[in-house]
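Novice: Here is the input, now give the coordinates:
(2 chains)
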Amino acid sequence: MAIAWRRDVDAVLSEAKAQGRNVLLDFSAAPT
Amino acid sequence: MTENFLAARINVREQPDEWRRFGERYGVQWTPTIVILDPSGTERHRIEGFLPADDFLAQLALGLAHSAFARQQFGEAERRFREVVERFPGSDAAPEALYWAGVARYKATNDPSALEQTAQAFAQRYQDSSWAKKASVWRKPPQTSGVEGRPRA
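Specialist: Residues are numbered from 1 along each chain as shown, chains lettered A, B, ... in the order given. The predicted structure follows:
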């Protein structure tokens, strides 16, 4: 399962509200 | 399932400002932590620590179901809870989903038999789970004839 992770959290939250969608918010310490 | 979500990741080493701001907002104490937010940004479910793929997917599905339930979309919530049980029957999420599926049906119909049926379902599976214990209060008391067990004169 490929997840399109984004880093712009504020924009994601705004879009989720506008589109009525849920949000996965991942807090990670893994090297990128 | 991912079409149901927008996904954002905060790397605590590379994004210290976001980590402080959102980590504090959602009370995150450990990584990895994934919080599932409803469209208003309210937390509805949380996954802390690593999980194998199937358990992870089951938790995501459970989070979607909890989000629908919290928004009082009980029909959708029940469908999603039952989907967790059907697709991931061996996951830790399954007994929790079975419990909440019964609650969602009850909320949608106001029919107490939804809870009794859930208790009966726990007699068949997940008997050792904490969710079976919680559902046990919904069991219908056994019918007695009023004759058996009557003390003899």
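
Novice: Alongside chain B, which residues does chain A contribute?
Specialist: Applying C-beta under 8 Å from any C-beta of the partner chain, one finds that chain A approaches chain B through A:1-9, A:12-13, A:15-17, A:19-32. (C-beta placed from N, C-alpha, C; glycine too.)

Novice: what about the strands in chain A?
Specialist: A:22-28 (DSSP state E).

Novice: where do the helices sit along it?
Specialist: A:9-19 (DSSP state H).

Novice: Where does pLDDT dip in it?
Specialist: Residues of chain A meeting the criterion pLDDT under 70: A:1.

Novice: mind redoing it with 80?
Specialist: For chain A, applying pLDDT under 80 flags the ranges A:1-2, A:32.

Novice: Could I have the ChimeraX command that selects the buried members from the residues of chain A next to chain B?
Specialist: To isolate the buried ones among these in ChimeraX, judged by 16 or more other C-beta atoms under 10 Å in any protein chain shown, type:
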select /A:5,9,12,13,15,16,21,22,23,24,25,26,27,28
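
Novice: What is the neighbour count of the nearest residue to B:F122 once chain neighbours are set aside?
Specialist: Leaving out its chain neighbours, the residue that sits closest to B:F122 by C-beta to C-beta, 6 or more residues apart in numbering or on different chains is B:A132, at 4.1 Å. As a burial measure, B:A132 scores 19 neighbours (other C-beta atoms under 10 Å in any protein chain shown).

Novice: Which residues does the one helix or strand B:A132 maps to contact?
Specialist: Here B:A132, judged by DSSP states H and E, is contained in helix B:130-135. For helix B:130-135, contacts defined as C-beta atoms under 8 Å, 6 or more residues apart in numbering or on different chains pick out B:P95, B:E96, B:L98, B:Y99, B:G102, B:L115, B:T118, B:A119, B:F122, B:Y126.

Novice: how about 6 Å then?
Specialist: Here helix B:130-135 makes contact (C-beta atoms under 6 Å, 6 or more residues apart in numbering or on different chains) with B:P95, B:E96, B:Y99, B:T118, B:A119, B:F122, B:Y126.

Novice: No more questions from me, cheers.
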